[in-house]
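Peer 1: When you get a sec, could you give me coordinates for this:
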Amino acid sequence: MSAVQTLSRQALLSLAVAMVLTPIAASAQQGPPRGDRRGPPPRPGGQSYANSSAVLVAEIAFARLAQDKGQWTAFRETASADAVMFVDQPALAQSWLKGRADPAQAVKWQPQKLFMACDGRTGASTGASQFPGGAVGYYTTVWQNLEKPRAKKADWRWVLDHGAMLASPRAGDEMISSRTAVCTGEPRKLLEGVQMGPLAKGDEIAAPTASGARASADGTMVWRWDVRADGSRTVTIDLWNGTGFDTVVRDNVPAGAA
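Peer 2: Numbers count the residues shown, from 1 in each chain. The predicted structure follows:
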């Protein structure tokens, strides 16, 4: 079965904030990403390198950076070179963000659910968001460590960011849950044609198409998007359960929605 943990949000956020004394922005000063498509080192069957606290820390640091330095500055400094975001249509984040001025007030957000692949370098966070002026919504972000698993210094960058406004806050509670994919079986066999793992050094960065998919290096987490002609879109995250995939996030945005 998948590993599912539930922790006190207040306690976990306090711990994560304490771990973020050096913001994630510092990793942006280390130079360009050095990712490759090599999977994690060999491990005994069923063992996971997943560590949801790493994604939690990255997410909270990202949100904190938006308040401290500005919304689009934070997005630029934490995105991978081939990160995808949605501005009606899917777009290369770094191209869309280049030179974009920060709004006077940044959006705020808080993680509610964490999901982890077994490779130790891929995870996702989804949760609540609050916009200037009082509007509310949700977000979903996929993160990858562009360094190899177990490297002395991680380089967590977001590779997909999605969100939308809501008429009222999405249902939630005072707990943060964490689920890790099952680490047995052969998920990669079902992912023909899907880019797995971070972009390799020297690979060309292509603009995303209206529908696309990417996966963790070991194939135990897959994220997909589908933007239709009327502007409606769906973003999903699937986790491997040992024999197939469970959809753990499904964001549906109707046509014309913000």
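Peer 1: Regarding residue 126, what is its secondary structure?
Peer 2: strand (DSSP: H, G, I helix; E, B strand; the rest coil).
Peer 1: Could you check how far it is from residue 182?
Peer 2: Taking C-beta to C-beta, to the nearest Å as the measure, residue 126 falls 20 Å from residue 182. Using the backbone N, CA and C atoms, a C-beta is placed for each residue, glycine as well.
Peer 1: now do residue 154
Peer 2: According to C-beta to C-beta, residue 154 and residue 182 sit 24 Å apart.
Peer 1: same question, residue 148
Peer 2: Separation of residue 148 from residue 182 (C-beta to C-beta): 23 Å.
Peer 1: gap between residue 251 and residue 235?
Peer 2: To residue 235, residue 251 is 4 Å away according to C-beta to C-beta.
Peer 1: ok, the two, which is more surrounded?
Peer 2: Shown here are residue 251 and residue 235; by other C-beta atoms under 10 Å, residue 235 has more neighbours (25 against 18).
Peer 1: still on that earlier bit, what is in contact with residue 251 and residue 235 at once?
Peer 2: Common neighbours of residue 251 and residue 235, counting by C-beta atoms under 8 Å, 6 or more residues apart in numbering, are 140, 162.
Peer 1: returning to what we had before: between residue 126 and residue 182, which one's more packed in?
Peer 2: Each of residue 126 and residue 182 has its neighbours counted (other C-beta under 10 Å); residue 126 has more, 24 against 20.
Peer 1: what sits against the more buried one?
Peer 2: 111, 112, 113, 115, 138, 139, 140, 141, 237, 249, 251.
Peer 1: Tabulate these (TSV), appending secondary structure and distance to residue 229.
Peer 2: Shown next, in TSV, are these (DSSP: H, G, I helix; E, B strand; the rest coil; distance: C-beta to C-beta, whole Å):
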residue	secondary structure	distance to residue 229
111	strand	33
112	strand	32
113	strand	31
115	strand	30
138	strand	24
139	strand	25
140	strand	22
141	strand	26
237	strand	24
249	strand	24
251	strand	19
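Peer 1: Looking at those, which one is closest to residue 211?
Peer 2: Checking the contacts of residue 126 against residue 211 with C-beta to C-beta, the nearest one is residue 251 at 14.5 Å.
Peer 1: pLDDT score for residue 35?
Peer 2: If you check residue 35, the pLDDT there is 36.
Peer 1: try the one 10 residues further on
Peer 2: Residue 45 carries a pLDDT score of 54 in this model.
Peer 1: One more: residue 105?
Peer 2: 97.
Peer 1: Give me the mean pLDDT for stretch 238-258.
Peer 2: On average, stretch 238-258 scores 94.
Peer 1: Name the residues that touch that stretch?
Peer 2: Residues from elsewhere that reach stretch 238-258 (C-beta under 8 Å, 6+ apart): 2, 113, 115, 117-118, 124, 126, 135, 137-138, 140, 162-165, 179-182, 184-185, 187, 190, 219-224, 228, 230-237.
Peer 1: Just the ones in strands from these, please.
Peer 2: Of the positions in these, 113, 115, 124, 126, 137-138, 140, 162-165, 179-180, 221-224, 233-237 sit in strands, assigned by DSSP state E.
Peer 1: Buried members of the residues you listed into ChimeraX, please.
Peer 2: In ChimeraX, a selection of the buried entries from the ones in strands among the contacts of stretch 238-258 looks like this (16 or more other C-beta atoms under 10 Å):
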select :113,115,124,126,137,138,140,162,163,164,179,180,221,222,223,224,233,235,236,237
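Peer 1: mind listing the strands in this protein by residue range?
Peer 2: Under DSSP E, the chain gives strands at 3-8, 79-87, 89-92, 108-116, 122-130, 136-145, 156-166, 175-180, 195-196, 211-215, 221-227, 233-240, 245-253.
Peer 1: Export those to CSV and append columns for distance to residue 53.
Peer 2: Listed next are the strands of the chain as CSV, based on distance: least, C-beta to C-beta, whole Å:
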stretch, distance to residue 53
strand 3-8, 10
strand 79-87, 21
strand 89-92, 29
strand 108-116, 9
strand 122-130, 10
strand 136-145, 12
strand 156-166, 11
strand 175-180, 9
strand 195-196, 24
strand 211-215, 22
strand 221-227, 17
strand 233-240, 18
strand 245-253, 18
